[in-house]
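with the sequence up front, the predicted model follows.
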Amino acid sequence: MTKSTAKSLALGAAIASMATLVLAHGDVAPQAVDTTGLPEMGEEWLSENPYRADKVGEETWLRAIEIGASGYNQNCARCHGLEVVSGGLAPDLRFLEAEEYGDEWYVERFRVGYTQNGTTKMPAFGELLGQEAAWAIRTYIEARPDEGALDDYADELKALRDQIAGYATDGNGTDGGALINRLNEISGQVETASGAPVADSVAFRAARLIDGTPEGYKAAQEALTIGLSAAN
């Protein structure tokens, strides 16, 4: 069985499990998402993610990730899990293919929701949150690293975190560029579960927080601590 086939089967099983979903989402009122900073998409809904990393510049993609993370945590995490790691009651959206087929399934559910036997399992978010929020959340979801994608680098990332922790109190004379380069090298090896071109991994995040200041090193240290803890 190929990795792609396994992912498709896993997603199919998770989607099927929605028929017996116990934890109803319908009793949660959708929370508005501030999409300031994202290009507007107009009124006609698209069928493919316009904020995907290979379609926009890094600045727009990073903004979509930031907004999408906030929107997901407010509206989706309760059922689909923190960092999009499902507990089994709802589909594990990390495995939804980052291509038009996956986008079409996602945006249909986002817009109209899901109802079974008169019970709302997932509310309709489309009219309330809008297209920009929808695709920002999609961008965040599809950028999740694959299962175990950082396992080979966990020990090194812990060592880098400890090194960075020292710089958070005294960054004088440290080579931040070397740290950034190594974190970027690691992040470049991390694959997404969805097949999206860039993973929003903890290594990727930490590299972009280092700016040579103690505050930047502290933020990178915290990002690595939280990310490595979540991975375990």
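Structure received. Note that the structure is a prediction, hence the values are computed from the model and not measured.

where along this protein do the strands fall?
114-116, 119-122 (DSSP state E).

can I get the last one as CSV, trimmed to CA atoms?
The C-alpha coordinates for strand 119-122 follow below in CSV (Å, rounded to 0.1, in the frame of the first residue of the first chain):
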residue,chain,number,x,y,z
THR,A,119,-29.2,17.2,13.9
THR,A,120,-26.5,19.7,13.0
LYS,A,121,-23.1,18.1,13.3
MET,A,122,-21.2,21.0,11.7
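
just the buried positions in that strand, please.
Within strand 119-122, the residues that count as buried by 16 or more other Cβ atoms under 10 Å are 121-122. (Each C-beta comes from the backbone N, C-alpha and C, glycine too.)

thinking again about what came up before, tabulate the strands of the chain in CSV, adding columns for mean pLDDT and distance to residue 72.
Shown next, in CSV, are those (pLDDT from 0 to 100; distance: least, Cβ to Cβ, whole Å):
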stretch, mean pLDDT, distance to residue 72
strand 114-116, 85, 17
strand 119-122, 83, 13
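
so which of these gets nearest residue 199?
Nearest of these to residue 199, taken as Cβ to Cβ: strand 119-122 at 26.0 Å.

grab the nearest non-local neighbour of residue 31.
What sits nearest to residue 31 in space, not counting adjacent residues and going by Cβ to Cβ, 6 or more residues apart in numbering, is residue 74, at 4.1 Å.

how many neighbouring residues does the one you found have?
By the criterion of other Cβ atoms under 10 Å, residue 74 has 16 neighbours.

over to residue 65?
So residue 65, with other Cβ under 10 Å, has 20 neighbours.

what of residue 188?
Neighbours of residue 188 (other Cβ under 10 Å): 12.

equivalent analysis for residue 59, please.
9.

do the same with the one 4 residues further on
Counted with other Cβ under 10 Å, the burial measure for residue 63 works out to 20 neighbours.

tell me the pLDDT of the nearest residue to it once chain neighbours are set aside.
Spatial nearest neighbour of residue 63, chain neighbours left out: residue 37 (4.7 Å); criterion: Cβ to Cβ, 6+ apart. Here the pLDDT value assigned to residue 37 is 96.

what stretches of this protein score poorly on pLDDT?
Applying pLDDT under 70 to the chain flags the ranges 1-28, 171-173, 231-232.
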